[in-house]
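> Here is the input, now give the coordinates:
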Amino acid sequence: MKVYLNEISGLWQAIVSMYMSKRSWTREHEEKIMRLYEKNYTNFGMHFPYVPEVESADFEGILNKLFKWAPRHITMTRFLDFSFTVEGLHRGAQDDFDAHAKRLENRILRSSTRLAKFGGNEKSDWYKGKIITTDEALKHMEMHLPAEMMVDGKNYVRAVNGYVLEESANDKDVLRGLYMLSIPSNFTFKVNCTEFAHILKERDKNGHAHPELKECVEEMLRLITEQIPQLTREWFYSVKN
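Below you'll find the predicted structure:
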């Protein structure tokens, strides 16, 4: 399984939001923040280390101020989005992550078991070496199941993990019924910083999620903290959401 942080967006607007409530906002200040942001971050929102020291320190101070107040004023970090792609998480864990689709504002798309086919030996990395499918066991023992079988007067043909009705041999809606939850699944999603805090609390190493989903969320945290050091586990835990 691999996790990719593709983009961080909305950070400058999260900063600007700090100055609205007490009417300390000015367009000139907003433009200054935008310029500092452009000098410190790439087009994809990733930290860019080659900046003048004074300007970098100035921007660092602004970020510290934002993340000091944001845990209690959670709307500010709703402006801050993280875009991820996950490769190879097992389908069962991906379904568990889907439970948070509302917090992602439904911004998630995953590999479909309806529109794509999966092979009998496909598993996520976590399951490799831990389970052996019936198809793998038969192959290992050099045993062969019949290509077809009759049940209740109907002809069924061999497929991944079992048999399907002959006339449904190419029907992906039928074939998906034989797929195991250990199959690898890819998905891409976007989540704002405030809502990620909730997901982290529920699914990180201290939670009760499946081990591979914990690994997945831990890697998300590592990638975020790598880009924005203020966003530590402790910071996310402090968010009042």
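> ok, and for the strand or helix carrying T225, which residues are buried?
Using DSSP states H and E, T225 maps to helix 211-227. Residues of helix 211-227 classed as buried under the neighbour-count rule (16 or more other Cβ atoms under 10 Å) are 212-221, 223-224, 227. Yep, even glycine has a C-beta here, placed from its N, CA and C like the rest.
> Same question for stretch 171-184.
175-176, 179-180, 182-184.
> So what's the gap between stretch 118-138 and the chain middle?
For stretch 118-138, the distance from its own C-alpha centre to the chain's C-alpha centre is 23 Å (Cα atoms, centre = their mean, to the nearest Å).
> Endpoint to endpoint, it covers what distance?
Taking Cα to Cα, to the nearest Å, stretch 118-138 runs 19 Å from one end to the other.
> Y19: neighbour count?
Neighbour count of Y19, defined by other Cβ atoms under 10 Å: 14.
> per-residue confidence for it?
pLDDT, Y19: 91.
> For the closest residue to it other than its chain neighbours, which three-state class applies?
Distances taken as Cβ to Cβ, 6 or more residues apart in numbering place W25 nearest to Y19, at 4.0 Å, with adjacent residues excluded. Three-state assignment for W25 (DSSP: H, G, I helix; E, B strand; the rest coil): coil.
> what about W25, neighbour count?
The burial count for W25: 14, using other Cβ under 10 Å.
> where does it land on pLDDT?
84.
> and it, how far is that from A116?
Distance of W25 to A116, computed by Cβ to Cβ, to the nearest Å: 49 Å.
> and if you look at D173?
12 Å.
> Contacts only, for P146.
By Cβ atoms under 8 Å, 6 or more residues apart in numbering, P146 lies in contact with R158.
> Show me which residues of the lowest-mean-pLDDT helix or strand in the chain are buried.
Here the helix or strand of the chain ranked lowest by mean pLDDT, DSSP states H and E is helix 53-69, holding a mean of 81. Under the neighbour-count criterion of 16+ other Cβ under 10 Å, helix 53-69 has 56, 58-59, 62-63, 66-67 buried.
> repeat for stretch 233-241
Using 16+ other Cβ under 10 Å as the test for burial, stretch 233-241 gives 233, 235-236, 239.
> Next: stretch 143-156.
Here stretch 143-156 shows Y156 as buried, counting by 16+ other Cβ under 10 Å.
> for stretch 83-96, same thing?
Neighbour counts over stretch 83-96 (16+ other Cβ under 10 Å) mark 83-84, 86-94, 96 as buried.
> Stretch 7-27 too?
8-18.
> Where helices are concerned, which of the residues you listed count?
Applying DSSP state H to those, the entries found in helices are 11-17.
> Was I right to think E166 contacts N155?
Yes. Between E166 and N155 there is a contact at 4.5 Å, judged by Cβ atoms under 8 Å.
> shared neighbours, these two?
By Cβ under 8 Å, 6+ apart, the residues touching both E166 and N155 are E148.
> Do a quick rundown of the helices in the protein.
In the chain, helices defined by DSSP H lie at 11-17, 27-40, 53-69, 91-98, 134-140, 172-175, 193-203, 211-227, 233-238, listed in chain order.
> on contacts alone, who are the packing partners of the shortest one?
Looking back up the chat, that one is helix 172-175. Judged by 3 or more Cβ pairs under 8 Å, 6 or more residues apart in numbering; DSSP states H and E, helix 172-175 is in contact with strand 162-165.
> how close does the residue lying closest to H144 once chain neighbours are set aside get to Y37?
Nearest non-adjacent residue to H144, counting by Cβ to Cβ, 6+ apart: L138, 7.1 Å away. Using Cβ to Cβ, L138 is found at 59 Å from Y37.
> Would you mind telling me which of these two has more residues around it?
A count of neighbours by other Cβ under 10 Å puts Y37 above the other of L138 and Y37, at 18 against 13.
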